[in-house]
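> The following block contains a protein sequence and its predicted model.
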Amino acid sequence: MRAMVTGGAGFIGSALVRRLVAEGHTVLNFDLLTYAGDLRAVEPVSGSDTYQFQRGDVADADAVTASVSAFRPDVIFHLAAESHVDRSIDGPDAFIRTNLNGTGVMLQAARAWHDRMDADGRAAFRFIHVSTDEVYGSLGFDDPAFTEDTPYAPNSPYAASKAGADHLARAWHETFGLPVVITNCSNNYGPFQHPEKLIPTVIRKALGGEPIPVYGKGENVRDWLFVDDHVSGLIAAATTGKPGGKYNFGGNAERRNIDLVHSLCARLDEARPRADGQSYASQISFVTDRPGHDLRYAVDASRARSALGWTPATSFEEGMARTVHWYLSHGDWLTRNPSELARLGLGQTATGE
Ligand code: NAD
């Protein structure tokens, strides 16, 4: 396939780019390289003849239209977004601009391109709109998991901007016949995640001897999926997803935040024991809860299993072991500051897989 990936320098987008290129597909990575984008994550494929990078803004209609027309994609995977919930509370404007307006621009460009493909008699096109389970809101501890039919009830500005984008994507299918597929996935984890996110933060703070911040009492529950399994789901959505279809992805691995942090500390205790013999768990520090913090997310992915034949290949234990190992052997992903690297006890390492 000829796949245009927006946000391909980010955490999930780069994993998708690496997989698509490795599988022999032709890829255009379209990314603005905001603070969250880092081309080191696509270094393993950047020399490939079937890979190209275009720096651009999904909210810039001229730039998007020019790239789509020049590249002529069979599939657009739309992942570019502002993705950090805490930042959306401090400054929602960028979330409205990129996630909502940017998705509108992408859909319009895809629609124009799809109409041209139709006129040329060319075959199938798909627009894969990559979204989150956070659009469904918050569950109580005993509530059933989110299905694709769960009503939307986003609570954070991030979730609301993604929910709005999902509605736009749905409408472009209903009104204009654009072959859109919407996917909603739970929390991803794995290599190349931005250091501000929970798992890299825990590792960095632990090794640095600093307090490990946990919101509230750490009782909020999240479902976790290894990033490569999400990538498999996105490719399945592009190849077998039904136009107008909607698919949830989840790891069937619900964990309380405090339990996740304890399990990370235990892995670090084994891999890099503290000099004083104490557990890193002694550094856990509870901090004031995030406003509007959703209590629990849980995902029912049975539609993706039955309709797409998708199933996560990586158990939570295996995925976490691989993830911790990766960060410990790629200290320069956690910090580029040589003195902080030394303080973490991590050497300068070449990034790559
Ligand atoms: P990320 O923050 O790691 O990466 C986002 C990428 O988008 C970066 O490379 C950034 O430079 C780029 N970008 C931001 N604004 C842009 C713009 N205006 N134009 C072009 N590029 C821009 O995010 P991620 O965690 O990889 O998430 C990717 C997508 O998956 C997002 O749409 C997110 O909502 C969704 N998602 C993420 C998770 C998760 O757990 N991380 C779970 C479900 C869904």
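It's in. Numbering: from 1, shown residues only.

> who in the stretch 51-200 of the chain is up against the ligand?
57-59, 79-83, 98, 102, 130-132, 162, 185, 187-188, 194 (CB under 6 Å from any ligand atom). Backbone N, C-alpha and C define where each C-beta goes, glycine included.

> Just the buried residues of the residues you listed.
Those of these that meet the buried threshold are 57-59, 79-83, 98, 102, 130-132, 162, 185, 187-188, 194, by 16 or more other CB atoms under 10 Å.

> Just the ones in strands from those, please.
Residues from these lying in strands, with DSSP state E as the criterion: Val130, Ser131, Thr132, Cys185, Asn187, Asn188.

> of those residues, closest to Cys265?
Cys265 lies nearest to Asn187 out of these, by CB to CB, at 18.5 Å.

> mind listing what the residue in the chain that the ligand sits nearest to touches?
Across the chain, the shortest distance to the ligand (CB to the nearest ligand atom) belongs to Gly10, at 2.0 Å. When contacts are counted by CB atoms under 8 Å, 6 or more residues apart in numbering, Gly10 touches Asp31, Ala36, Gly37, Ala41, Leu79, Ala80, Ser83, His194.

> will you turn these into TSV that also has pLDDT?
Formatted as TSV, the contacts of Gly10 follow (pLDDT from 0 to 100):
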residue	pLDDT
Asp31	98
Ala36	96
Gly37	97
Ala41	97
Leu79	98
Ala80	98
Ser83	95
His194	95
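
> re earlier: confidence score at the residue of the chain closest to the ligand?
Per-residue pLDDT puts Gly10 at 98.

> Same question for Val58.
pLDDT for Val58: 98.

> picking that back up, ok, of the contacts of Gly10, which one's closest to Ala298?
Ser83 (20.3 Å).

> contacting residues around the closest residue to that closest one other than its chain neighbours?
Spatial nearest neighbour of Ser83, excluding adjacent residues (CB to CB, 6 or more residues apart in numbering): Ala36 at 6.6 Å. Listed by CB under 8 Å, 6+ apart, the contact set of Ala36 reads Gly10, Phe11, Glu82, Ser83, His84, His194.

> ok, the second one to Leu207 distance?
Here Phe11 is placed at a distance of 20 Å from Leu207 (CB to CB, to the nearest Å).

> quick one: low-confidence parts of the stretch 251-353 of the chain?
347-353 (pLDDT under 70).

> Counting neighbours, show which residues of the host helix or strand of Gly104 come out buried.
Applying DSSP states H and E as the criterion places Gly104 in helix 102-119. Buried residues in helix 102-119, counted by 16+ other CB under 10 Å: 102-111, 113-114, 117.

> Can you add pLDDT and give these back as a markdown table?
Putting these into a markdown table (pLDDT from 0 to 100) gives the following:
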| residue | pLDDT |
| --- | --- |
| Gly102 | 98 |
| Thr103 | 98 |
| Gly104 | 98 |
| Val105 | 98 |
| Met106 | 98 |
| Leu107 | 98 |
| Gln108 | 98 |
| Ala109 | 98 |
| Ala110 | 98 |
| Arg111 | 97 |
| Trp113 | 96 |
| His114 | 94 |
| Met117 | 84 |
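
> in the chain, which spans are helices?
11-22, 61-71, 85-90, 93-95, 102-119, 157-176, 198-207, 227-240, 257-271, 302-308, 316-328, 331-334, 338-344 (DSSP state H).

> closest one to Asp49 among those helices?
helix 11-22 (9.6 Å).

> report the angle between the axes of that closest one and helix 227-240?
Using axes from the mean of the first three to the mean of the last three CA atoms, to 10 degrees, one finds that helix 11-22 and helix 227-240 are set 60 degrees apart in direction.

> Make residue 1 into 52 and carry on from there
Noted, 52 is the first residue going forward, which turns the last one into helix 62-73.

> What lies in contact with helix 62-73?
Contacts for helix 62-73 (CB under 8 Å, 6+ apart): 52, 54, 56-59, 78, 80, 82, 87, 89, 92-93, 95-96, 99, 101-102, 128, 130-131, 134, 181, 239, 241-245, 248, 278-279, 281-283, 285-286, 404.

> Make a PyMOL selection of whichever of the residues you listed turn out to be buried.
Selection command for PyMOL covering only the buried members of these, criterion 16+ other CB under 10 Å:
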select buried, resi 52+54+56+57+58+59+78+80+82+87+89+92+93+95+96+102+128+130+131+134+181+239+241+242+243+244+245+248+278+279+281+282+283+285+286
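
> quick one: buried residues of stretch 330-341?
By neighbour count with 16+ other CB under 10 Å, stretch 330-341 contains the buried residues Tyr331, Ala332, Gln334, Ile335.
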